[in-house]
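In: Next one to model:
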Amino acid sequence: MSGLFDLTGLTAVVTGARRGIGSAMALALAEAGADIIGVSASQASSGSEIERAVTALGRRFEGIACDFSDPLAVDALARSLAARHIDILVNNAGTIERAPAAQHPLSSWDRVLQINLSAPFALAQAIGGQMLARGRGKIIFTASLLSFQGGINVPGYTAAKSGIAGLTKALSNEWSAHGVNVNAIAPGYIATDNTQALRDDPDRSAAILERIPAARWGRPDDLAGATVFLASRASDYVDGITLPVDGGWLGR
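Out: Residues are numbered from 1 along each chain as shown. Coordinates of the predicted model:
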């Protein structure tokens, strides 16, 4: 049974790999045997903390910097990665900008949609093409609880993450018959930079914690098991799902 989760010899691209959830996902894949190409806006080509953690496991690591808010930079990255053998794509990089909808700048809307939805599609399209040609591959998007809910003061983020859930289904409908599994993970309230403002607000933090049946904020490494599952042979008949890892939030 353990062989179902073995990623030895495979190469995974993880975006947003420098810290937080992306770093935990990259490390989990490396622990399962995969070599890692880590991509982030400020990812160092060598000497990063995530590189040291991955290489300490005996896996290879390559760091690539890409500004996901720049469509031209994303296009160049997509074309470069499409020319390589990629077995697993984890589309995790994202950002959030908070403002009431009536005052939400269109520039923030455009930036959030570009980083959280357009860039992941461009990478999935490019890398998915070579996966389709080989007849095998795994694509994992990072969705959100706001793929299911509306949120407060984050209209762009909610629109993007709802789009990710829909994109996951759309690509799965086209690609699953050709050996490419497309799925998403929806993290709950995880203690990262993106949720710092919520955790610093005593009222919001208490209200969130009160609703989580697991009675704690999530940690980035809580995403490890779901990531390895969706990247491995164990999920070969799992297609088009958005898997919540939320401490029971959605079931409350």
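In: where's stretch 69-83 relative to the chain centroid, distance-wise?
Out: 17 Å (C-alpha atoms, centre = their mean, to the nearest Å).
In: Alpha carbons of it, in PDB - could you do that?
Out: Only the C-alpha atoms of stretch 69-83 are listed here, as PDB (Å, rounded to 0.1, in the frame of the first residue of the first chain):
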ATOM      1  CA  SER A  69       1.500  39.600 -11.400                       C
ATOM      2  CA  ASP A  70       3.300  40.100 -14.700                       C
ATOM      3  CA  PRO A  71       1.600  38.200 -17.500                       C
ATOM      4  CA  LEU A  72       4.800  38.300 -19.700                       C
ATOM      5  CA  ALA A  73       6.900  36.800 -16.900                       C
ATOM      6  CA  VAL A  74       4.300  34.100 -16.400                       C
ATOM      7  CA  ASP A  75       4.200  33.300 -20.100                       C
ATOM      8  CA  ALA A  76       8.000  33.000 -20.200                       C
ATOM      9  CA  LEU A  77       8.000  30.700 -17.200                       C
ATOM     10  CA  ALA A  78       5.200  28.600 -18.700                       C
ATOM     11  CA  ARG A  79       7.000  28.200 -22.000                       C
ATOM     12  CA  SER A  80      10.200  27.200 -20.200                       C
ATOM     13  CA  LEU A  81       8.600  24.600 -18.000                       C
ATOM     14  CA  ALA A  82       6.500  23.200 -20.900                       C
ATOM     15  CA  ALA A  83       9.800  22.200 -22.500                       C
END
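In: Pull out the buried residues from that stretch.
Out: Ser69, Val74, Leu77, Ala78, Leu81, Ala82 (16 or more other C-beta atoms under 10 Å). Every C-beta, even on glycine, is put in place using the N, C-alpha and C of the backbone.
In: Restricted to strands, list those residues.
Out: Residues from the buried residues of stretch 69-83 lying in strands, with DSSP state E as the criterion: none.
In: What segments of the protein are helices?
Out: 20-31, 49-55, 71-82, 106-113, 119-134, 155-175, 196-200, 202-211, 224-231 (DSSP state H).
In: What average pLDDT does the first one get?
Out: Over the span of helix 20-31, the pLDDT mean works out to 97.
In: And the last one, by the same measure?
Out: The average pLDDT for helix 224-231 rounds to 98.
In: who touches stretch 220-236?
Out: Applying C-beta atoms under 8 Å, 6 or more residues apart in numbering, the contact partners of stretch 220-236 are 3-7, 10, 12, 20-21, 23-25, 27-29, 31-32, 34, 88, 90, 138, 140, 181, 183, 185, 187, 190-192, 238, 243, 245, 247.
In: Any chance of JSON lines for the buried residues of stretch 69-83, columns pLDDT and distance to Glu62?
Out: What follows is those, written out as JSON lines (pLDDT from 0 to 100; distance: C-beta to C-beta, whole Å):
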{"residue": "Ser69", "pLDDT": "97", "distance to Glu62": "22"}
{"residue": "Val74", "pLDDT": "98", "distance to Glu62": "18"}
{"residue": "Leu77", "pLDDT": "98", "distance to Glu62": "12"}
{"residue": "Ala78", "pLDDT": "98", "distance to Glu62": "16"}
{"residue": "Leu81", "pLDDT": "97", "distance to Glu62": "11"}
{"residue": "Ala82", "pLDDT": "96", "distance to Glu62": "16"}
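In: could the helices of the chain be laid out in JSON lines, adding distance to Gly218?
Out: Converted to JSON lines, the helices of the chain look like this (distance: least, C-beta to C-beta, whole Å):
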{"stretch": "helix 20-31", "distance to Gly218": "9"}
{"stretch": "helix 49-55", "distance to Gly218": "19"}
{"stretch": "helix 71-82", "distance to Gly218": "28"}
{"stretch": "helix 106-113", "distance to Gly218": "22"}
{"stretch": "helix 119-134", "distance to Gly218": "21"}
{"stretch": "helix 155-175", "distance to Gly218": "16"}
{"stretch": "helix 196-200", "distance to Gly218": "12"}
{"stretch": "helix 202-211", "distance to Gly218": "11"}
{"stretch": "helix 224-231", "distance to Gly218": "11"}
